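Sequence plus the predicted model coming up.
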Amino acid sequence: MRRLGFGLIAVLTASLAAAEDVDWKQGLEEAIARALAQNPSIAEMDTRVRAAGHRAGQALALPDPEVEVEIQDIPPSDFSFSRDDFTMEKITARQRFPSAGKRPAQKRSAEAEQQSLSAMHADHIVRLAAQVGDAFFTIAEIDSRTAILERSRERLRRVAESAAERYRVGKGAQPDVLRANLEITAIDEKLAGLRGDRRVATARWNALQALPATTSVAPLGLPETDPIVPGITELLGEASDLSPMVKAAQANLRRAQEQATLARLERRPEFMAKAYYAHRVDFEDLVGAGVSLNLPFFQPKRLKELEAEREAELSGARAGLEMVKYQIQGGVEEAFAELERSVEQARLYRGSILPQAETNAAAAQEAYTVGQIDFLTYVRAALDRDTYESELAMRRAGAWRAIAALQMASGLPLLPGTPETGGSHE
């Protein structure tokens, strides 16, 4: 896997292998494979790469030869082919020869264009896989939060029934029953919002894989472990060396250099070789040959403007390469910061906040049972625990979505199922 094989990917692969539940990994790999096989944008980019390859194959060919057939010097007073010895049936063949160096430069330019399109195709594949991964973890987050809310609603329903029973026998207050029912309604509202969010995420998921809009998506689960955060310096180095967008910009720079070379070669004359055979009815046949050339140096202004145009394009290609590098750096650093934040918050929720919330909820339940706290305090403690559990699911999903964002920004295959850069597509 080139340099990437002993760097960042090894770290992330170790993280994936440590997960107890690998169902999510298999599901993600299958979704990415389906998207790469069915998404029409992949086929469109693939045909563009093949078309560019055919252009490169034409670059060394000579211009098409020309054949001219004519009847020459017929007397207008007597439309005869034999009365005048100047009258002839003539066939002429011509071949233009570009100036020295033009055809190799054209081939190098066409090859650079093909390499640029191929690298863009590889980047498109990596980005599509990242988009599928982002949609996967978005749906998995929604499903996890939905399951948490449904468990919370079920607990509140039991609490509401208990509060109603206590109120019926005179041991509870009516506001307790109303409060419990209000919290259940609030959870129903949140669940309705999550169901709407899932429909949106599912529509995106299906579109990325070129599936029918009505295709149902089974519940998806989040990974049991957080991704291991790689080193930002190593990540930026790998992206600078292996990102398909950097390779595309470098190929565009080479193409601009060859185009500038072709502009300078325009000053050299091109030759035209020709030969003819002339048939005369009552006279001896004739043959002939000749060479002509154009004189481009008689148009110095055109040549100067052409060279200036190509030099400007070359400067733009150099700036484009630097711009791509800075864009990659900015995108990687932004996604990396989001990854670090999500992982740190997830660890804090998992190791400290959620255990404390669970302890507080259990203590509140015992205190409410013996009448030490009011109903509202008990309900709030239970809801806080569910809220923190939902926040943990959001941070866990956010960490893996940050990996997808890192893949999209860097062009490196970080998610399971993403083809390696430099593979058959490139």
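All right, it came through fine.

CA atoms for contacts and neighbours, from now on please.
Noted.

so which helix or strand takes in the spatially most central residue of the chain?
In the chain, the residue lying closest to the centroid (CA atoms, centre = their mean) is residue 127, at 2.3 Å. Using DSSP states H and E, residue 127 sits within helix 102-168.

who does the next helix or strand along the chain from that helix touch, helix- and strand-wise?
Proceeding C-terminally, helix 102-168 gives way to helix 174-208 as the next helix or strand, assigned by DSSP H and E. Counting contacts by 3 or more CA pairs under 8 Å, 6 or more residues apart in numbering; DSSP states H and E, helix 174-208 packs against helix 102-168, helix 375-410.

Let me know which of these is the nearest to residue 269.
helix 102-168 (11.0 Å; CA to CA).

quick check, distance from the closest one to the centre of its chain.
14 Å (CA atoms, centre = their mean, to the nearest Å).

Now do that helix: which elements does it pack against?
With contacts taken as 3+ CA pairs under 8 Å, 6+ apart, helix 102-168 sits against helix 23-38, helix 40-58, helix 174-208, helix 244-265, helix 375-410.

What average pLDDT does the last one get?
So that's helix 375-410. Over the span of helix 375-410, the pLDDT mean works out to 91.

That helix versus helix 174-208: what angle between them?
Orientation check (axes from the mean of the first three to the mean of the last three CA atoms, to 10 degrees): helix 375-410 against helix 174-208 gives 10 degrees.

how about helix 375-410: buried residues?
Going by neighbour count (16 or more other CA atoms under 10 Å), the buried part of helix 375-410 is 375, 378-379, 381-410.

Please tabulate the helices and strands packed on helix 102-168 in JSON lines, including the columns distance to residue 355.
Putting the helices and strands packed on helix 102-168 into JSON lines (distance: least, CA to CA, whole Å) gives the following:
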{"stretch": "helix 23-38", "distance to residue 355": "26"}
{"stretch": "helix 40-58", "distance to residue 355": "47"}
{"stretch": "helix 174-208", "distance to residue 355": "22"}
{"stretch": "helix 244-265", "distance to residue 355": "44"}
{"stretch": "helix 375-410", "distance to residue 355": "9"}
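
which residues touch the nearest residue in space to the residue nearest to the centre of the chain that is not next to it in sequence?
Leaving aside its sequence neighbours, residue 127 sits nearest to residue 408 (CA to CA, 6 or more residues apart in numbering; 5.0 Å). When contacts are counted by CA atoms under 8 Å, 6 or more residues apart in numbering, residue 408 touches 126-127, 130-131.

Tell me which two of those residues sit farthest apart.
Maximum distance among these (CA to CA): 8.7 Å, for 126 and 131.

between these two, who's got more neighbours?
residue 126 (30 against 21; other CA atoms under 10 Å).

Hmm, the more buried one is touching residue 410, no?
No: contact status for residue 126 versus residue 410: not in contact, 9.3 Å apart, counting by CA atoms under 8 Å.

The stretch 251-400 of the chain: helices as residue ranges?
Using DSSP state H, counting those that start in this stretch, the helices of the stretch 251-400 of the chain run over residues 300-348, 354-369, 375-410.

I'd like those as a markdown table, with distance to residue 98 appended.
Formatted as a markdown table, the helices of the stretch 251-400 of the chain follow (distance: least, CA to CA, whole Å):
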| stretch | distance to residue 98 |
| --- | --- |
| helix 300-348 | 16 |
| helix 354-369 | 76 |
| helix 375-410 | 43 |
